[in-house]
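In: Everything below, folded, please.
(chains A and B)
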Amino acid sequence: MRYVLQIVLALVLLSPTVALAVQPDELLSDPKLEQRARNISSGLRCLVCQNQSIDDSDAPLAKDLRVLVRDRLKAGDSDEQVLRFVVSRYGDFILLKPPFNVQTVLLWTLPGLILLAAGGVILFNIRRRRTAAAVPKPLNEAETAALRDILEQRTP
Amino acid sequence: MIVEIGHYALVLAFALAIIQAILPLWGVLRGEAGLIRIAPSTAIVQCLFVALSYAALTWAYLASDFSVLNVFENSHSDKPLIYKISGVWGNHEGSMLLWIFILVLFGALVALFARRMPEDLTAAVLAVQAWISSAFILFVLLTSNPFARIANAPIEGRDLNPILQDPGLAIHPPLLYVGYVGFSLTFSFAAAALIIGRIDAMWARFARPWILLAWIFLTLGIAMGSYWAYYTLGWGGFWFWDPVENASLMPWLAGTALLHSVIVMEKRDALKVWTIFLAILAFSLSLLGTFLVRSGVLTSVHAFASDPQRGVFILAILMFFIGGSLLLFALRAPGLRTGGLFAPISRESSLVLNNLFLTTSCATVFVGTLYPLALEAVTGAKISVGPPFFNYTFVPLFIPIFIAMPFGQMLAWKRGDLYGAAQRLTVAFAAGALAALVLFAMRGGPWLAAVVGGLAIYLIFGSFFDVAGRLFARDATARNVWNRAIGMPRAAWGAAIAHAGVGVTLFGLAATGWGVEKIAAFKPGQTLQVGPFSITLDKVSPRQGPNYRETVAYMTVREGGRIVAQMQPSRRFFTARRMTTSQAGLHTVALGGHIHIVISEQDKSGALDTRVYWKPYVSLIWLGAGFMALGGGLSMSDRRLRIAAGRRKEPGGRPLPDGVPAAE
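Out: Okay, here's the model as predicted:
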């Protein structure tokens, strides 16, 4: 395992990756279409990279995918159609925003559930404390007098 | 020989750590003063031994002793001095040694400066700290020995990974490690309190400066890492929701929650169980971060020299400390009495709200980072959780925090007046709304940027309302206001400045919406218009560096015909590793905007693939973090918390004359 990692690492490091992420020759002439292409590709994972979108990556595969996305757009696909096409080829792994389905239901709902659960516990505690704290008994006459003495001594 | 001394010193430090882990604890449990007093001296000597060991490794780097495997793999005789020194932690073994050095340094600092603390608490804290250091020294000695030799020493080294050859390497890891490891100390405080069974407001006062210290450094470390990524990785981003970034963000979020809850514990003796839990959590997440980075279970740009075997060892350490502390927690926590009571609308409640949202966002990062791993382990399905997920979940969690922050500062302890606070904040609301309108009118662009910008302005204004209210209370003559400003607790200033820093960062984030990006094939002599600037490529020529060759693009930036800057983005080719890195050109203009230029190789026609960004206000993102750290520093220097304050009573000092208050 260790050697596999080392070899992969060596290949990645040695490959003279000198290109920028998005290269000028890839750009579409229609700025609106180009903007859509940028939006789509910033949500697609570069499959051979370490957690980069294809828009950020300078790997050759990322370039192929960027060109692919642009070709589909030029052919008149909608954004959804492009995404569906890419997912049909590479699976959900390529989407940086995971789709909502059985497998990811916990992923998407946990933050909300945690907030609700923790908020519920806090509310419950505050209520319980309130009843426990109840209103303190009013002072009796002797205590009121003692308090008045103290206050009057302090403030000349 | 020096290298062997370093190795041996580390072994000795391990032996001392074992002694320090067991004897003082025994003393605390049995009430034997002699054993309790061992702790401070062993902590100091242990620190000296690790320092010696660290110095030996540094010496090997400075002397380019390539008979040491670690030096051979990560250094080169031509490497500039700064990277010989910082290259020590630019690899797995060395960075773990730095980790340990900072760990024992914190132990020594407690031994030296926490004289005001009860002896048994100090001893227990140091004992727990020694458990941690012995585990990690053992880890280094068994799996990651930086002192290993090579039989036939090579003549030249393999050089440091070029991506790491940047001043960022000298600053980012030490800051981050002081932050990470600083939370080990709050963990030790929590565990010690659980062992001794005394968990009260005094504990909070002793622990608070250390929490602040760790938090300050973690804040700076994360900001520095983000800035480094921004100018070096080449595509102008500053936060990628990379697993390793998340690993540092989680302890930061937990630490920020802790920082706030410990105030409640100190002032009102409430939230004790929760604060102890957070202290354990913050360090557990630091350990988790170390595990994620070092084991290689997650692929990321930081995963240099990752190794599954080491991962298992760190996982064992992780489980031992998290499991052990939670067990201790489960045994002791139910016995804790809840302290001061407070109304649902009060300073305490606002801090509870803060904790609710911060810990939920921390849990969100946790889920988002580990969900793909868990899912793959359980079902074999592979998914990616990237920036869009975190943006969708984080923004809704943080907007309420930003709105509520100024309110929290305005509410009184025990019972607050929400309506009154809102009334007093009217000016801040108005300033925010006005700013949003003005920004939208001036900049156009996405309305969201203007709205968030307005929210940031509200936050910056709102942060100072509590302080301002106190300064201008009554008789607001210039003299009175000045005297009050001087006399006010520094913690109050600290809170205001740190909160305003959040606003400053938020403004920088909002301003990314106004950024402009241009990608072009750029020929010498051509001019490119980006935002308000026109950029001319004057020439492209090679240049020789100490251990690299570079291709430099000389560019002139003009605004309305006036020259604003000469910029020289370049591509560096490092001969030893045959690797190319890109050196972005970066120029700061008024109000923290950046012109950011990245170049690629020239094609046959002489055109240079160029990416130019105009990012208005972007540096406010990191400036804000600086303000947060400054606020933390002010808070820490508050005389009530001063670490060495207990040394006023020097032995042999004369008693204070009657009538002079002994208080601070």
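In: Domains in the chain, by residue range?
Out: Went with chain A since none was named. A:2-99, A:103-154 (automatic domain parsing).
In: Not quite, go with chain B.
Out: B:1-160, B:166-402, B:425-508, B:516-615.
In: Go through the ones you listed and name the closest to chain A.
Out: The closest of the domains of chain B to chain A is domain B:166-402. By C-beta to the nearest C-beta, the value is 2.8 Å. From N, CA and C alone the C-beta is placed, and that goes for glycine too.
In: So which residue is smack in the middle of chain A?
Out: A:Lys97 (8.1 Å; C-alpha atoms, centre = their mean).
In: no, scratch that, I was asking about chain B
Out: B:Leu218 (1.7 Å).
In: Using the three-state scheme, assign that one.
Out: helix (DSSP: H, G, I helix; E, B strand; the rest coil).
In: wait, isn't it in contact with B:Gly179?
Out: Yes: shown here, B:Leu218 and B:Gly179 form a contact pair, counting by C-beta atoms under 8 Å, at 2.7 Å.
In: Now the common contact residues for those two.
Out: Shared contacts of B:Leu218 and B:Gly179 (C-beta atoms under 8 Å, 6 or more residues apart in numbering or on different chains): B:Ser248, B:Pro251, B:Trp252, B:Gly255.
In: Among these, find the lowest-pLDDT one for me.
Out: Across these, the bottom pLDDT score, 92, is held by B:Ser248.
In: Can you get me a residue count around whatever residue of chain A ends up closest to chain B?
Out: Residue of chain A nearest chain B, by C-beta to the nearest C-beta: A:Leu96 (2.8 Å). Residues lying near A:Leu96 (other C-beta atoms under 10 Å in any protein chain shown) number 23.
In: now swap in B:Trp622 and tell me
Out: Neighbours around B:Trp622, by other C-beta under 10 Å: 20.
In: Local confidence estimate at it?
Out: Reported pLDDT for B:Trp622: 96.
In: and it, what is it in contact with?
Out: B:Ala223, B:Met224, B:Ser226, B:Tyr227, B:Thr505, B:Gly508.
In: three-state assignment of it?
Out: helix.
In: so how far is the longest helix seen in chain A off the chain centroid?
Out: When chain A is parsed with DSSP state H, its longest helix is helix A:105-133. The chain centre lies 23 Å from the centre of helix A:105-133; the measure is C-alpha atoms, centre = their mean, to the nearest Å.
In: Would you agree B:Gln309 is in contact with B:Thr143?
Out: Yes: taking contacts as C-beta under 8 Å, B:Gln309 lies within contact range of B:Thr143: 6.4 Å.
In: continuing past the stretch of helix or strand B:Ala456 belongs to, what's the next helix or strand?
Out: If you go by DSSP states H and E, B:Ala456 is part of helix B:447-463. Scanning forward in sequence from helix B:447-463 by DSSP H and E, the next helix or strand is helix B:465-471.
In: Any regions of the chain where pLDDT drops low?
Out: This is for chain A. Along chain A, the model assigns pLDDT under 70 to residues A:1-20, A:129-137, A:154-156.
In: that answer is for a different chain, and I need it for chain B
Out: In chain B, residues with pLDDT under 70: B:234-235, B:295-308, B:338-339, B:640-664.
In: now do 80
Out: Applying pLDDT under 80 to chain B flags the ranges B:114-115, B:233-236, B:293-311, B:335-341, B:445, B:473-476, B:601-603, B:639-664.
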